[in-house]
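Visitor: Prediction below, plus the sequence it came from.
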2 protein chains.
Amino acid sequence: MRIALDAMGGDKAPEVTVAGAVRAARVYDLEIVLVGDEALLRRELGKHKVDGLRLPIVHASQVVGMEEHTIAVKQKRDASMVVAMRLLREGEVDAVASAGNSGAVMAAALFTLGRIPGVLRPTLVTIYPVPPHYCILLDIGVNADCKPEYLLQFAVMGAAYAEKVRGIARPRVGLVSNGAEPEKGSTLVREAHELLAASGLNFVGNIEGNDIHQHKADVIVTDGFTGNVILKLTEGLVKFLAHMLVRQAVGSWRDRLGLLVMTPGLLLALPGLLLMVPTLRQTYRQWDWREIGGAPLLGVDGVVIIGHGRSDAYAVQRMIYQAKIAVEQRLVPTIQEEIQRVAQARSVRMEGKS
Amino acid sequence: MRIALDAMGGDKAPEVTVAGAVRAARVYDLEIVLVGDEALLRRELGKHKVDGLRLPIVHASQVVGMEEHTIAVKQKRDASMVVAMRLLREGEVDAVASAGNSGAVMAAALFTLGRIPGVLRPTLVTIYPVPPHYCILLDIGVNADCKPEYLLQFAVMGAAYAEKVRGIARPRVGLVSNGAEPEKGSTLVREAHELLAASGLNFVGNIEGNDIHQHKADVIVTDGFTGNVILKLTEGLVKFLAHMLVRQAVGSWRDRLGLLVMTPGLLLALPGLLLMVPTLRQTYRQWDWREIGGAPLLGVDGVVIIGHGRSDAYAVQRMIYQAKIAVEQRLVPTIQEEIQRVAQARSVRMEGKS
């Protein structure tokens, strides 16, 4: 298997991308095509032991910056992410992974690879942690305005990803709404509910905001507007609560004095805390997005994994692993089959009604 | 001032409603009209010292249950909440407070009082805590499908409430979106953004999910679908994180042993923790919805405060206090003036364009 890595994509590229590729090539025994400035990449490779590893370089003279407008991918025909997509289209590689400007990566994928036949809108998923479980949340911001048919297809693609890549058998699909009953929700959600109920997916109905953390569904479907708010609200709230704890401890002179008085006790409690480290570490890992490394852009005609801009070498390694699994598990053909199956089932129902 | 209390409304009515009314009558020197089953209320009043307090009873033979369908208010013409609304419409009281079935209270208010002239849709607000501050979030579930004009009016009403009732001078108004830039968002949000920018309100632009806890706005406007998801996700996540902490401490035998080993240290740390109690208590109060007690149904032609179904006596007391402030501060006339001002400003702009 050959995976193309956009070696120039990410806040700390090409340093961490090359380091991550070296690790992935070794650990997963893959051929990883580094796409980017050849001289630069050769220099970075020189810092690592690469004997016996398959790490060819494909030169690309341009880079789309992390803050650049998406339109840049139209103008920069020799940008690393665009070249990587072309390699995929031409069958030179089996997948592309990039931690670059995610809007630009999506545009490059869509322009170069096109959509899987029948797919209305590509979508980006995220792995939403609810330790010890997680949910697959989609869409998370690509499609702010949605139609019921888009939500149905998001469900189909999310379920295929859950089953094939994440190994969840017959994943439970939930639809974000403002009430549990089928008649609750916006017009969009009520119509999507009907489509989902008739889809043959393992649809468990509406999911309210306070259901998400109860792991009532493996795949949580919503429009990109709501999904983006859910994702960012979660990040913001967790950060806020952590800050609140700190403020609690050092907010006033009385709190600081309290902390001082507590110190001997806390030191005495330390050995007990050390015993808790394994569970602490496990919890931390479950919250750590680097373990996942990246999520696929679903609906484009090829495996494209998008990672965080702030990825480090380990996150890059894991992003490449995601690409490997998606190829091995035939994610793209599965989505194509499932999209067709649902469309056919629907047209049969329509005929039955008329 | 006379405030009608739906004495039969709430999970623990009439026990806590009467107790809360007694406290409110004493503390705020108000006349509180108890609406409900006279015999029952008289018995409850007998449990309290009520000498010198103004607590008349108006009999209502029916009750709308907490789980009943909203339609019940149409059928039960003598339900306590309906009778209370009629007292308000007829000028017998200055405001209504209810911790009853909130959908039914809204319907009763709308049917009996009607809308303030010019208001398209009534809306329910919530006080969203971001200690030491808070935001006013609306709509939180009444209007799942919105038009840009609704969001504009929610902003107008939310700002009037923030200024008059909560004493925030020139409140900053933010619009929930999936990106900070004005061109980000669903079609609804982009159009609402334009209206808000031209409204004369102190509009600070789009608010992303992770901005909410940074207190970038005093009034946060969104459609009822998204508002409901924000509210319930917040509740669910806070609960989930608390459970996660507990699971961390007692999850495995090793963790439980760790807790045991930590105990002497934690006991030694206790005096320091006691010093932190004042700040802890303050933080707790800032998170405690009972302090607010209830939020107004904005846009109906009269002051109607809706409390939590699970209100206790203190929450009922505070809910009545909210009604008092809203009447004193002329919330309803202010909303009427502001709705007219914004509508006129808009029609002047329209004429200027044509």
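Guide: Arrived safely. Numbering: from 1, shown residues only, chains lettered A, B, ... in the order given.

Visitor: can you tell me which residues contact whichever residue of the stretch 51-200 of chain A sits closest to chain B?
Guide: With C-beta to the nearest C-beta, the shortest gap between the stretch 51-200 of chain A and chain B falls at A:Asn178, namely 3.7 Å. Every residue, glycine included, has its C-beta placed from N, CA and C. Contact analysis of A:Asn178 by C-beta atoms under 8 Å, 6 or more residues apart in numbering or on different chains lists A:184-186, A:208, B:141, B:144, B:224-225, B:228-229, B:232.

Visitor: show me the contacts for the closest residue to it other than its chain neighbours.
Guide: Nearest residue to A:Asn178 in three dimensions, chain neighbours excluded: B:Asn228, at 3.7 Å (C-beta to C-beta, 6 or more residues apart in numbering or on different chains). B:Asn228 makes contacts with A:178-179, A:208-209, B:140-141, B:144, as judged by C-beta under 8 Å, 6+ apart.

Visitor: for the helix or strand where A:Arg26 lies, the distance to its chain's centre please.
Guide: Using DSSP states H and E, A:Arg26 sits within helix A:15-28. Distance of helix A:15-28 from the chain centroid (C-alpha atoms, centre = their mean, to the nearest Å) equals 19 Å.

Visitor: May I ask which helix or strand encompasses the residue nearest to A:Asn178?
Guide: Using DSSP H and E, B:Asn228 falls in helix B:224-250.

Visitor: got the buried residues for the following helix or strand past that helix?
Guide: Remark: after helix B:224-250, the chain's next helix or strand is helix B:253-275, criterion DSSP H and E. Neighbour-count burial for helix B:253-275 flags B:255, B:258-259, B:261-262, B:265-266, B:268-269, B:272, B:275 (criterion: 16 or more other C-beta atoms under 10 Å in any protein chain shown).

Visitor: and helix B:253-275, what does it pack onto?
Guide: When contacts are defined as 3 or more C-beta pairs under 8 Å, 6 or more residues apart in numbering or on different chains; DSSP states H and E, helix B:253-275 packs onto helix A:253-275, helix A:277-287, helix B:224-250.

Visitor: ok, residues contacting the shortest one?
Guide: With contacts defined as C-beta under 8 Å, 6+ apart, helix A:277-287 is touched by A:129, A:131-132, A:134, A:291, B:244, B:248, B:251-252, B:254-255.

Visitor: the inter-axis angle of it versus helix A:253-275?
Guide: Angle of helix A:277-287 versus helix A:253-275, following axes from the mean of the first three to the mean of the last three C-alpha atoms, to 10 degrees, is 100 degrees.

Visitor: ditto for the longest one
Guide: In this structure, helix B:224-250 runs at an angle of 60 degrees to helix A:253-275, with the same axes, to 10 degrees as the basis.

Visitor: got the buried residues for helix B:224-250?
Guide: Going by neighbour count (16+ other C-beta under 10 Å), the buried part of helix B:224-250 is B:224-234, B:236-238, B:240, B:244, B:248.

Visitor: quick one: average pLDDT of whichever strand or helix holds A:Ala84?
Guide: Using DSSP H and E, A:Ala84 sits within helix A:80-89. Averaged over helix A:80-89, pLDDT sits at 97.

Visitor: Also stretch A:191-199?
Guide: Per-residue pLDDT over stretch A:191-199 has a mean of 95.

Visitor: wait, isn't A:Met85 in contact with A:Leu110?
Guide: No. A:Met85 lies out of contact with A:Leu110 (C-beta atoms under 8 Å); the separation is 9.3 Å.

Visitor: Show me which of those two is the more surrounded one.
Guide: A direct count of neighbours by other C-beta atoms under 10 Å in any protein chain shown for A:Met85 and A:Leu110 places A:Met85 higher, at 29 against 20.

Visitor: rewinding a little: measure how the helix holding A:Arg26 sits relative to helix A:80-89, angle-wise.
Guide: Between helix A:15-28 and helix A:80-89, the angle comes out at 30 degrees (the same axes, to 10 degrees).

Visitor: Need the CA coordinates for helix A:15-28. PDB is fine.
Guide: C-alpha atoms of helix A:15-28 as PDB (Å, rounded to 0.1, in the frame of the first residue of the first chain):
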ATOM      1  CA  GLU A  15       9.600  18.700  10.600                       C
ATOM      2  CA  VAL A  16       6.800  16.700  12.300                       C
ATOM      3  CA  THR A  17       5.300  15.400   9.000                       C
ATOM      4  CA  VAL A  18       8.600  13.800   8.000                       C
ATOM      5  CA  ALA A  19       9.200  12.500  11.600                       C
ATOM      6  CA  GLY A  20       5.600  11.100  11.600                       C
ATOM      7  CA  ALA A  21       6.000   9.500   8.200                       C
ATOM      8  CA  VAL A  22       9.300   7.800   9.300                       C
ATOM      9  CA  ARG A  23       7.500   6.300  12.300                       C
ATOM     10  CA  ALA A  24       4.500   5.200  10.300                       C
ATOM     11  CA  ALA A  25       6.600   3.600   7.600                       C
ATOM     12  CA  ARG A  26       8.500   1.600  10.300                       C
ATOM     13  CA  VAL A  27       5.600   0.700  12.500                       C
ATOM     14  CA  TYR A  28       3.000  -0.100   9.900                       C
END
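
Visitor: coming back round to it: residues making contact with the helix holding A:Ala84?
Guide: If you take C-beta under 8 Å, 6+ apart as the criterion, helix A:80-89 is touched by A:4-9, A:33, A:35-37, A:58, A:60, A:62-64, A:73, A:76, A:93-96, A:98, A:100-101, A:104-105, A:108-109, A:111-113, A:302-304.

Visitor: First-to-last residue distance for stretch A:86-98?
Guide: End-to-end distance for stretch A:86-98, by C-alpha to C-alpha, to the nearest Å: 14 Å.

Visitor: buried ones in that stretch?
Guide: Neighbour counts over stretch A:86-98 (16+ other C-beta under 10 Å) mark A:86-89, A:93-98 as buried.

Visitor: Give me the domain ranges for chain A.
Guide: Recorded structural domains for chain A (assignment: automatic domain parsing) are A:2-119+A:290-336, A:127-229.

Visitor: Can you convert the ones you listed into CSV and add a column each for distance to B:Val50?
Guide: Putting those into CSV (distance: least, C-beta to C-beta, whole Å) gives the following:
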stretch, distance to B:Val50
domain A:2-119+A:290-336, 62
domain A:127-229, 39
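
Visitor: and the stretch 51-200 of chain A, which residues reach chain B?
Guide: Selection of the stretch 51-200 of chain A residues close to chain B by C-beta under 8 Å from any C-beta of the partner chain yields A:130-131, A:141, A:144-145, A:176-179, A:184-187, A:189.

Visitor: Do you know the pLDDT at A:Leu113?
Guide: pLDDT, A:Leu113: 96.

Visitor: A:Met106 versus that one, what's the distance?
Guide: Separation of A:Leu113 from A:Met106 (C-beta to C-beta, to the nearest Å): 11 Å.

Visitor: From A:Leu237, how far off is the residue of the stretch 51-200 of chain A closest to chain B?
Guide: 19 Å.

Visitor: Same check on A:Val73?
Guide: To A:Leu237, A:Val73 is 34 Å away according to C-beta to C-beta.

Visitor: what does A:Leu331 give?
Guide: Distance from A:Leu331 to A:Leu237, by C-beta to C-beta: 32 Å.

Visitor: got a list of contacts for stretch A:257-269?
Guide: The contact list for stretch A:257-269, computed with C-beta under 8 Å, 6+ apart, reads A:249-250, B:261-276.

Visitor: sorry, back to before: so can I have a markdown table of the contacts of B:Asn228 showing secondary structure?
Guide: Below are those laid out as a markdown table (DSSP: H, G, I helix; E, B strand; the rest coil):
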| residue | secondary structure |
| --- | --- |
| A:Asn178 | coil |
| A:Gly179 | coil |
| A:Glu208 | coil |
| A:Gly209 | coil |
| B:Ile140 | coil |
| B:Gly141 | coil |
| B:Ala144 | coil |
